[in-house]
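sequence below, structure please.
(chains A, B and C)
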Amino acid sequence: MSHDDWQVLWQHMRPAVRSFVLLLVLLGVNVTLGATLPFSWAYVVEGVVVACMVLTVLLVSMEVLREPPLMRLFAALGFFWVAIMFTMTLVDYLSR
Amino acid sequence: MSPLDTVLRDPDTPRITLDRPADYLHAQHTLRSWFFTTDHKRIALLYLASITGFFILGACAAGLVRLSLVVPNGQIFSNDTYNKLFTMHGVIMIWFFLIPSIPATFGNFLIPLMIGAKDLAFPRLNLLSWYVFMLGSLFTIVVLIVGGVDTGWTFYAPFSTTYSNTYVIPALVGVIIVGFSSILTGLNFVVTIHKMRCPGMTWFRMPIFVWTHYAVSLIFLLGTPVITLALMLLVMERAFHIGVFDPRLGGDPVLFEHLFWFYSHPAVYIMVLPGMGVVTELVAAFSQKRVFGYKFVAYASIGLASITFLVWGHHMFVNGQSQLASTVFSFLSFAVAVPSAVKVYNWTATIHKGTIRLDTPMLYAMGYIGLFVLGGVTGLFLATLAVDAHLHDTYFVVAHFHYIMVGGTMLAFLGGLHYWWPKFTGRMYPEAWGRVGAFLIFIGFNVTFFPQFILGYLGMPRRYHSYPPEFQLLNVLSSAGSTILAVGYFFPLGYLIWSLWFGKKAPANPWQAKGLEWTTSSPPPAHNFLRTPVVDYQPYDYANKTRDNG
Amino acid sequence: MADIGIAAEPVDLELAEQFTTKAQQREAATLGMWAWLVTELLLFAGLFLCALILRIQHPQSVTLVTTHLKFWIGATNTVVLICSSLTMSAAIVTSRLGWRRFMLGALLATASLGSLFLLLKGFEYYQDYDEHMMPFLADRSYVLAHDQASVLFLDVYYITTGLHGVHLITGISILLWLTWKASRPAFLQTHQNRIEIYGLYWHFIDLIWIIVFPVLYVLNR
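This is a model prediction of the structure:
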């Protein structure tokens, strides 16, 4: 591979590499929290971190940011329906 | 107006018949050309043939159930046989007939025609989904007939996981497989409707039939995976003792019911929404009027598909669900009545002052509207918490959902079958026989199921093969009605098959209906249209009289 | 290959008969995959819901189980899958550039990382077996037998990881088949978008694991 090729590759891979690093860092945070359990409400932080990781994969790795609105809608649709399922079921379990 | 427009609006423009390509039925003749076809129209007919077979099996099981209930003490069949019979009826009718009925046949055939496409977006996937469907359904049906299952179509845990001694696992596996077929069909429809519309076919120029199928496809995509998972958990628990519902360990069977009804309540709308689409087409065509409040009906379809995901808990009012949850689900269940009523009011308003013709499809559509209202209103009784405590698991529930599923979906299916039969086959059915059949089915249906409302109100529980003697009169009446219903079904079965060979040749547009499917020949050529249609007019363009005057 | 530039091959799509334009065909395929991923998400969501309900109903039993799960293998596996996502991204990028050989390498690297995940997973199951953590084996005692409800969460663990494993096995099989197809010279000219479509699926399996790991191993450990 020539130097120019590396340049081209790096230019195209930049978002993927950045999300890779970000994912590893976020995973590090969660693993640390899980291994040490520094405070009792760590699960809140862990949940937020996981949400960030999911968003990173969706938006950057899966390139939702570059897709037309229709694809974004479908990417969001599933999560919205999962929210419906969880909310309505929890209405039952949290009030038993 | 350009000559092109005239051609598109006027299906009866004389064309030279000689150089027309062979229609899809005659393009190829070998068996191979049917079983390996990727033509959505042929796949639709494959579905039609298979679900008709399944319907006959399911109907036989229903007939035996009604036979058994003629006598109060259950002498005709043993307890076990009776349980297996109603399970067979429910499983076949719901999973293998009603759910694929209108989407997989009419939807498959008509969606590309109605939006001016050459085929679905993924034709090979479409064929695969038929094979998957046949694999799963035949497997389960063999299990149901040879071995038998006694859980009912709902497979509630822990009975299905621990206590039943019947062939639950293979039956579940078959139903899971059929679920993949639903998913693939829904996926295909969603992509087709989004991406394959012809030039000028905007969302609000699509027929309501396509709107309802879009809504149904969303339910397929969003609901089916959850039932797949729920049934898979049952299989794991029963087969390998890896489970989460076992109450002996502290598991919660109600959790299964949550997962089950998260799909299975929306599944009611998988059965009902396509029927609504069919009826909308019928009502507009046989009143020769634009659908009243077109946009409201379109939005109501999407609204129904969404709200239906918020109401599943009304199946569990007395099953250990919390009181707060029951109240919330009860309230939301009432909300479903709103978009449903929007549709009914709009149909009646469409008929109002229309140029009405009471041909067979319209008779079915009228029957549908009446029976759907009755089924829907009794649904409101059941959504009321206090009333449901009395009516839960009685024949009132049985009557209610048969009014929706048979009085609704089945009548819409038959109405649509008659309406599009010329398009499917190129032949007309005999009108007089059709009307007699429609009346018989309507009468037979009501005689069968109306007594069940009364039985349920009086307290007769469902799924028992014996009952107190004072209920015998109504039960005999119901069974007698089912024989009329059966005779009614034989009418279309007989004359539609007869018409394949002896029916009058159908013109492109026998009903003077609007819609792209009527602008192509009957039956259509292999890729639907001789040239890609261009749409520059509203849906249900009945006010435009160019074709009548021309 | 020090200073020789990579020969870029032409990248295009073969128009299928039911479509009118290539853009339409490409978008239809992408939308189809997203629709499929929606179903995958809801499939796993049912299991996450079970896990959540168990955490609400039997919090002590769940904590007991999580402390017995192989936290570090799970964490390592997450790293493995994140790496495989990166190689998959590289495959997509190079397929767009028309660098077929580079792309094949990236695809094979992805498949290898997926297999590594499965190997580690298998080792983890073996350890579970070794530590008597398999209550469904009738002839083997269960180490947490004093806490009956713990069986339920442990079963959710087996079903979730098993289902994810099935997805990975399917994914790797398709990936190898795709690599074989893509090794033909004309592939990028006719089916480049298959790499992108497949990439979406692979990233999504990764995403599911990113949720599975905390749900089973990390929370309230």
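
CA atoms for contacts and neighbours, from now on please.
Fine.

residue B:409: neighbour count?
Residues contacting residue B:409 under the criterion other C-alpha atoms under 10 Å in any protein chain shown number 30.

so it sits against residue B:275, correct?
Yes - in this structure, residue B:409 is within contact of residue B:275 by C-alpha atoms under 8 Å, at 5.1 Å.

give me the element the residue nearest the centre of chain A is part of.
With distances taken as C-alpha atoms, centre = their mean, the residue of chain A nearest its centroid is residue A:54 (1.6 Å). Element membership of residue A:54 [criterion: DSSP states H and E] is helix A:42-56.

residues touching the residue nearest to the centre of chain A, list them.
Taking C-alpha atoms under 8 Å, 6 or more residues apart in numbering or on different chains as the contact definition, residue A:54 lies against C:207, C:210, C:211.

how much space between residue B:172 and residue B:237?
Taking C-alpha to C-alpha, to the nearest Å as the measure, residue B:172 and residue B:237 are separated by 12 Å.

next: residue A:64.
Distance, residue A:64 to residue B:237, using C-alpha to C-alpha: 38 Å.

more neighbours, those two?
Neighbours of residue A:64 and residue B:237, each counted by other C-alpha under 10 Å, are more numerous for residue B:237; the result is 23 against 20.

pretty sure the more buried one is touching residue B:251, no?
No - if you go by C-alpha under 8 Å, residue B:237 and residue B:251 don't touch, sitting 11.6 Å apart.

quick check: neighbours shared by the two?
With contacts taken as C-alpha under 8 Å, 6+ apart, the residues that reach both residue B:237 and residue B:251 are B:244, B:245.

low-confidence stretches in the chain?
Since you didn't name a chain, this refers to chain A. Low-confidence segments of chain A, defined by pLDDT under 70: none present.

actually, chain B is the one I wanted.
Of all residues in chain B, those with pLDDT under 70 make up the ranges B:1-20, B:545-550.

and for chain C?
Those would be C:1-5, if you go by pLDDT under 70 across chain C.

not counting sequence-adjacent ones, nearest residue to residue A:59?
Once flanking residues are discounted, residue A:59 sits nearest to residue A:65: 5.3 Å by C-alpha to C-alpha, 6 or more residues apart in numbering or on different chains.

correction: the previous question concerned residue C:109.
When the adjacent residues along the chain are set aside, residue C:109 lies closest to residue C:87, with 6.6 Å between them (C-alpha to C-alpha, 6+ apart).

that's a helix at that neighbour, yeah?
Yes - counting by DSSP: H, G, I helix; E, B strand; the rest coil, residue C:87 is located in a helix.

so what's the residue count around it?
Taking other C-alpha under 10 Å as the criterion, the count of residues near residue C:87 is 24.

equivalent analysis for residue B:146, please.
Residue B:146: 10 surrounding residues under other C-alpha under 10 Å.

check the one 4 residues further on too.
Residue B:150 has 24 neighbours, counted by other C-alpha under 10 Å.

kindly report the same for residue B:256.
Using other C-alpha under 10 Å, residue B:256 is surrounded by 24 other residues.

thought residue B:356 was touching residue B:287, still the case?
Yes - between residue B:287 and residue B:356 there is a contact under C-alpha under 8 Å: 4.3 Å.

those two - which one has more neighbours?
It is residue B:287, of residue B:287 and residue B:356, that has more neighbours when counted by other C-alpha under 10 Å, with 21 against 16.

next up, the contacts around that one.
So residue B:287 contacts B:350, B:351, B:354, B:355, B:356, B:357 (C-alpha under 8 Å, 6+ apart).

also residue B:50?
The contact partners of residue B:50, taken as C-alpha under 8 Å, 6+ apart, are residue B:134.

tell me the residues of chain C that contact chain B?
On the criterion C-alpha under 8 Å from any C-alpha of the partner chain, chain B has as its neighbours in chain C the residues C:18-19, C:24, C:27-28, C:31-32, C:35-36, C:38-40, C:42-47, C:50, C:136, C:148-149, C:151-153, C:155-156, C:158-159.

ranges for the strands of chain A?
Under the criterion DSSP state E, strands are not mapped anywhere in chain A.

what domains does the record give for it?
Using automatic domain parsing, the domains assigned to chain A come out as A:1-62, A:68-96.

what does the stretch 251-400 of chain B put close to chain C?
Selection of the stretch 251-400 of chain B residues close to chain C by C-alpha under 8 Å from any C-alpha yields B:251, B:255, B:259.

now do the contacts for the residue lying closest to the second one once chain neighbours are set aside.
The shortest distance from residue B:255 to any residue that is not its chain neighbour, by C-alpha to C-alpha, 6+ apart, is 7.2 Å, and that residue is residue B:245. Under the criterion of C-alpha under 8 Å, 6+ apart, the neighbours of residue B:245 are B:157, B:158, B:237, B:251, B:252, B:253, B:255, B:256, C:152.

tell me how far residue B:245 lies from residue C:54.
Using C-alpha to C-alpha, one obtains 10 Å as the distance from residue B:245 to residue C:54.

need the overlap of contacts for these two.
Residues touching both residue B:245 and residue C:54 (C-alpha under 8 Å, 6+ apart): residue C:152.

now for residue B:26, how many residues are close by?
Applying other C-alpha under 10 Å, I find that residue B:26 has 11 neighbouring residues.

what does the one 4 residues further on give?
Residue B:30 has 8 neighbouring residues, counting by other C-alpha under 10 Å.

over to residue B:219?
Taking other C-alpha under 10 Å as the criterion, the count of residues near residue B:219 is 23.

correct me if wrong: it contacts residue B:266.
Yes - the pair residue B:219 and residue B:266 passes the contact test of C-alpha under 8 Å, sitting 6.7 Å apart.

give me the common contacts of those two.
Listed contacts common to residue B:219 and residue B:266 are residue B:305; contacts here mean C-alpha under 8 Å, 6+ apart.

measure the residue nearest to the centre of chain A to chain B for me?
Using C-alpha to the nearest C-alpha, to the nearest Å, residue A:54 is found at 20 Å from chain B.

swap in residue A:80?
Shown here: residue A:80 relative to chain B, a distance of 10 Å by C-alpha to the nearest C-alpha.

got the contact list for that residue?
Applying C-alpha under 8 Å, 6+ apart, one finds that residue A:80 lies in contact with no residue.

apply 10 Å and report the result again.
When contacts are counted by C-alpha atoms under 10 Å, 6 or more residues apart in numbering or on different chains, residue A:80 touches A:74, A:86.
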